[in-house]
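>>> Fold the following for me, if possible:
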Amino acid sequence: MSREYPALSTEGLSVSYGDFRALRDVSLEVRRDSVTALIGPSGCGKSTLLRCFNRMNDLIPGARIEGGVFFHGNNINSSGTDPTEIRSRIGMVFQKANPFPKSVYGNVAFGLKINGFTGNLDEAVERSLTRAALWDEVKDRLNKSAYTLSGGQQQRLCIARALAVEPDVLLMDEPASALDPIATIAIEGLIRDLATGLTIVIVTHNMQQAARVSDETAFLMVDEHRTGYLVEQGITNKIFTDPDDERTEAY
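Numbers count the residues shown, from 1 in each chain. Model prediction:
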C-alpha cells in the first residue's frame with residue numbers, strides 16, 4: 001500500500017441513474033488518517049458520492065459511473081477489482097442503525113467469520129467493541145439481542161461491526177442524524193478518536209458537526225438540472241471562515 005497516493009480520490013466522476021445525472025465531473029482527494037466531511041444541500045449527491053467509494057452503487061439498477069474512483073491509487077471500477085474485497089477494506093455505516101437480528105457478539109463476529117478469520121474471535125470482538133467505545137456498556141450483555149440496545153448503542157455496534165474486519169477507510173452516511181443530542185456527542189467523539197490510524201469520510205447536513213469532527217470539508221451544490229457538483233474542497237477551518245468561492249460563503 002503506497003503512501004504516495006491519497007486514501008481515496010476521484011477524477012472527473014459522474015454518476016447517472018437511468019436518464020438522471022446525479023453527479024457531474026467531481027474530482028477530489030481524501031487524505032489518509034483524517035476525517036473528510038461532505039456537505040451541501042439535499043439532493044446534491046453527497047450520499048451518491050459516498051457510495052461510489054465502495055461500489056455500493058453497483059447494487060442500484062440503472063446506475064452508471066463515468067470517470068475514475070481510486071483507492072490508494074488503484075481504480076476500484078477496473079475489471080479485475082473484486083467489489084467484495086473493496087467493501088471489506090472500505091467499510092460503511094448508514095444513517096439508520098441496522099444491526100443484524102443476532103446477539104451483540106454475533107453482530108461483531110459476523111464479518112470476521114465470513115472473511116475466514118482464524119484468530120481469537122473473543123479478543124477480536126472485544127477489541128472492536130472497545131474501539132467503538134461500547135465494550136464497557138455491553139460486556140455483560142454480549143449474548144443479548146442487538147435490538148435490546150439503545151439507538152446510540154446500536155449505531156456504535158454497527159461501527160464496531162465495520163471496524164472488526166480492520167478496514168482502511170470508514171464511510172459514514174449521516175451517522176448521527178437519527179440520534180438524540182447525547183448519543184450524537186458520543187458518535188462525534190468516537191469519530192475524532194478513530195481518525196488516528198483510520199480514514200473517515202462523513203456525509204452530514206449539520207454544519208456545526210462538520211466543523212467539529214472533520215479535518216477537511218468538500219462542499220457540493222446542485223445545478224438547475226438537479227445535478228450535484230463539487231464547488232470546493234479544503235481545510236475545514238478555512239472552508240468555514242474564509243472559503244475561496246462565494247457560493248460556499250453564501251451557503
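
>>> Would you map the strands across the protein?
Per DSSP state E, the chain carries strands over the ranges 8-17, 20-30, 35-39, 63-71, 74-75, 90-93, 169-173, 199-203, 216-222, 228-235.

>>> And the last one, what's buried?
By that I understand strand 228-235. With burial defined by 16 or more other C-beta atoms under 10 Å, the residues of strand 228-235 counted as buried are 228-234. Bear in mind the C-beta positions are built from the backbone N, C-alpha and C, glycine included.

>>> which non-adjacent residue is nearest residue 100?
Closest residue to residue 100 apart from its sequence neighbours, by C-beta to C-beta, 6 or more residues apart in numbering: residue 107 at 5.3 Å.

>>> With only the CA atoms kept, save stretch 214-221 in CSV.
Extracted as CSV, the C-alpha positions of stretch 214-221 are listed here (Å, rounded to 0.1, in the frame of the first residue of the first chain):
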residue,chain,number,x,y,z
SER,A,214,-13.7,17.0,10.2
ASP,A,215,-10.1,18.0,9.1
GLU,A,216,-11.2,18.7,5.5
THR,A,217,-14.5,19.6,4.0
ALA,A,218,-15.9,19.2,0.5
PHE,A,219,-18.8,21.4,-0.4
LEU,A,220,-21.2,20.3,-3.1
MET,A,221,-24.1,22.2,-4.8
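
>>> Tell me which residues are up against that stretch.
Applying C-beta atoms under 8 Å, 6 or more residues apart in numbering, the external contacts of stretch 214-221 come out as 26, 28, 30-31, 34-41, 44-46, 49, 195, 202, 210, 228-236, 239-240, 243, 245, 247-248, 251.

>>> how much space between the residue of the chain positioned farthest from its centre and residue 129?
Within the chain, residue 140 marks the point farthest from the mean C-alpha position, 29.2 Å out by C-alpha atoms, centre = their mean. Summarising the geometry, the distance separating residue 140 from residue 129, computed by C-beta to C-beta, to the nearest Å, is 12 Å.
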